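[1] Return a 3D structure for these sequence lines:
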Amino acid sequence: MDNPLKTYRFLLEVWVEHREIPGLPLQVRARMRDVEHGKERYAGSVSEIEEIINERLDDAGLVPRRWENQP
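    Have a look, this model is predicted:
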């Protein structure tokens, strides 16, 4: 890492649940906690996890920005 402005830490917990109807795919869920603020949010997709992180960076005023491997 090259001299970051600030580090934001999240605790990510991911688990898989069986569905009530046999034969349906397993359901993946996640809970993220912002370590600094203690705020917890649930996510049902990787894009929701990205959205949670982006909202935190928006709140910190870090705009415009882009992810390192984003085109």
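[2] mind listing the strands in this structure by residue range?
    Using DSSP state E, the strands found in the chain span residues 10-17, 27-34, 40-43.
[3] For the most centrally placed residue in the chain, give me its contacts.
    Nearest to the geometric centre of the chain sits Ile49, at 2.6 Å (CA atoms, centre = their mean). Neighbouring residues of Ile49 by CB atoms under 8 Å, 6 or more residues apart in numbering: Leu12, Ala30, Met32, Ala43. Where C-beta positions appear, they are placed from N, C-alpha and C, glycine not excepted.
[4] Just the buried ones from those, in ChimeraX syntax?
    In ChimeraX syntax, the buried subset of the contacts of Ile49 is picked out as below (16 or more other CB atoms under 10 Å):
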select :30,32,43
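[5] what's the farthest-apart pair in the contacts of Ile49?
    The most widely separated members of those, counting by CB to CB, are Leu12 and Ala43 (8.7 Å).
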